[in-house]
Every structure is written in C-alpha cells, then in structure tokens.
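A.B. asks: Just the structure for this:
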Amino acid sequence: MILALLILMLLPETGLGADDHVRLVTGEWMPYCSASKEEPGITVEIVTAAFKAAGVETSLSFMPWPRCAMMVREGKDVAAFPYVRTPARERFARFSVPLLTERTYLYYLKQKNAGFDFTGYEGLRRYRVGTLNGFVHQELFQANQVPAVVVNNTATGLRMLLRDRLDLFPVNELVAKREIHKSFSREAALFGQSRTPMYEVSLHLMVSPKNPRADRILAAFARGMVIIRRNGTIARIVESYE
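C.D. replies: Numbering: from 1, shown residues only. I've put the predicted structure just below:
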C-alpha cells in the first residue's frame, strides 16, 4: 500500500483533465476484449477503469488488429491495446506500463502429436503451423524463419487442427479455454496443450511517438493503473472472467 502511494506521488502530472478525451482502439480477442456490452473483456475493463480513475474520458472503437497498429504507425491520436512490446513495434510506438501478463501455448491433436512440447522455434519448422494476422506470434514466426499459415481467427485455427490441416496452433490459455468450450465442447478431449508456453509476455497500451499527447496519455494511464491496482479493481475484473 505504501509503495503504491509513493509511486502515485512520484508520477508526473497527467496534463489530461476532465475535458480531455482519449480514443481507444482494439480488436476482438475474447476474453480480453470484445464489442459485447455484457462482457467487454478483461483488458477493456481495466483500460477504461484506469482512465476513469485518472479523470479522463474515453471512447472505444473495434477494428481489425492490423488496422489498430497501422493507426499508431501513422501517428493518429489513438491508444491501441492490448499489444505486446516487440522490437518491430518499438520502431513506431511507445508503450504504457503493463496491463497484465499473458501466456500463449501451442495446441495440437493428441492422437497426432501426443507428448509434444515447445523447445524452441527451430523445432517448429517441420510442423504445419498456423498464426493470426497482427498477433505477436506472427512476428515471432517470421523472425525465426518458421513458415506459418495465416488463418482468420482462433476458431478457424482450432478447426484446422481437427481437420488435419494444421499440426500446431498458438493460442492464449484463457482464449483457448473459452473458444474450445464455446465451439468445440464435444471435441475438447482431443486437444493437447504444450507443457511449456511458447511465450509469456506483458500486454500494454501502444501510442505513437508522433502524437503530441503521447506523454500525457501514458502518464494518465499509469496514474490510473496505480489507483485501480491499489483499490482492488484489477483483481476483481480478472476474477470475474475466470
């Protein structure tokens, strides 16, 4: 508690007030973000709560993930989330304090690749691997020379495993749990998950360094995150999606 208060006191003034407005952009990635009003997603709730705690109004737009990143790359006055900090993205974006940590595993069919585990990217080159456009695993596969088929969404990737059109497909553990329960409940026992995560990373807001309000947006968000972490809001949001 004392440490959180000290951090809050040491953070710079936001420069954003009640009359200011931050446009947020994100994509569909349940349970982290969704256009559903009943269940908007973990990161949507955390981000909007943090800005509200900092006294900043927000609006939220949903669009394809590559478009979210492109808006930041073009210097638009937006904050895109949730994004993983990578060398490629650091060339055109600045990142907020972390929102959450997420783990992504490789999924497969037990009858075909029983006992599979992730031991490095080189070992993936002999498999038929899937990926999603605009996701960090697409960047990682490209950087490590792993051929990967781009699919439309998580459900399609899992379906391609069932139809023997893919061997491996990377999915965040919470996303996989939800999607398998929703779309493949009868086949749930057929899926396997690598024991070792393909990666464990933090999620962030992403803003353009060309945006003259970048410092103020990031500072406001950081102050809000301290507040909602201290008062238990983040823990309550995460628990409600488990």
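
A.B. asks: After the worst-scoring helix or strand of the chain on mean pLDDT, heading C-terminal, what element do we hit next?
C.D. replies: Lowest by mean pLDDT, DSSP states H and E among the helices and strands of the chain is helix 2-10, with a mean of 48. Sequence-wise, the next helix or strand downstream of helix 2-10 (DSSP states H and E) is strand 21-26.

A.B. asks: can you pull the contacts of the spatially closest residue to Ala214 that is not a sequence neighbour?
C.D. replies: Leaving aside its chain neighbours, Ala214 sits nearest to Val207 (4.7 Å; criterion: Cβ to Cβ, 6 or more residues apart in numbering). Glycine gets a C-beta too; all of them are placed from N, C-alpha and C. Neighbour list for Val207: 72, 78-80, 93-96, 214, 217-218 [criterion: Cβ atoms under 8 Å, 6 or more residues apart in numbering].

A.B. asks: Equivalent analysis for Glu28, please.
C.D. replies: 34-35, 62, 153.

A.B. asks: re the thing from before, so in terms of bridging, what pairs with the residue nearest to Ala214?
C.D. replies: On DSSP bridges, the residues paired with Val207 through beta bridges are Arg94.

A.B. asks: what's the answer for Val25, then?
C.D. replies: With DSSP bridges as the rule, Val25 is bridged to Ser61, Ala80.

A.B. asks: so it touches Glu74, yeah?
C.D. replies: No - under the criterion of Cβ atoms under 8 Å, Val25 is not in contact with Glu74, lying 11.9 Å apart.

A.B. asks: Which one of the two is surrounded by more residues?
C.D. replies: Val25 (21 against 11; other Cβ atoms under 10 Å).

A.B. asks: Got the confidence number for the more buried one?
C.D. replies: Val25 carries a pLDDT value of 98.

A.B. asks: rewinding a little: which pLDDT value does the model give the residue nearest to Ala214?
C.D. replies: So Val207 comes in at 98 (pLDDT).

A.B. asks: next one: the one 5 residues further on
C.D. replies: The predicted structure scores Pro212 at 96 on the pLDDT scale.

A.B. asks: same thing with Asp20?
C.D. replies: Model confidence at Asp20, given as pLDDT, is 81.

A.B. asks: May I ask you to confirm that it is in contact with Glu57?
C.D. replies: Yes - if you go by Cβ under 8 Å, Asp20 and Glu57 touch, sitting 7.0 Å apart.

A.B. asks: And those two? Which one has more around it.
C.D. replies: Asp20 (18 against 14).

A.B. asks: Distance check, that one against Ala80.
C.D. replies: 18 Å (Cβ to Cβ, to the nearest Å).

A.B. asks: cool, Gly130 as well?
C.D. replies: In terms of Cβ to Cβ, Gly130 sits 24 Å off from Ala80.

A.B. asks: Over to Ser208?
C.D. replies: Applying Cβ to Cβ, the value for Ser208 to Ala80 is 9 Å.

A.B. asks: Let me see the ranges of the helices in the chain.
C.D. replies: 2-10, 42-53, 65-73, 87-90, 110-113, 136-143, 154-162, 173-183, 214-230, 233-240 (DSSP state H).

A.B. asks: Tell me which residues touch the residue nearest the centre of the chain, please.
C.D. replies: Centroid-nearest residue in the chain, with Cα atoms, centre = their mean: Pro82, separated by 4.0 Å. Contact analysis of Pro82 by Cβ under 8 Å, 6+ apart lists 26, 29, 32-33, 43, 99-100, 102, 203-205.
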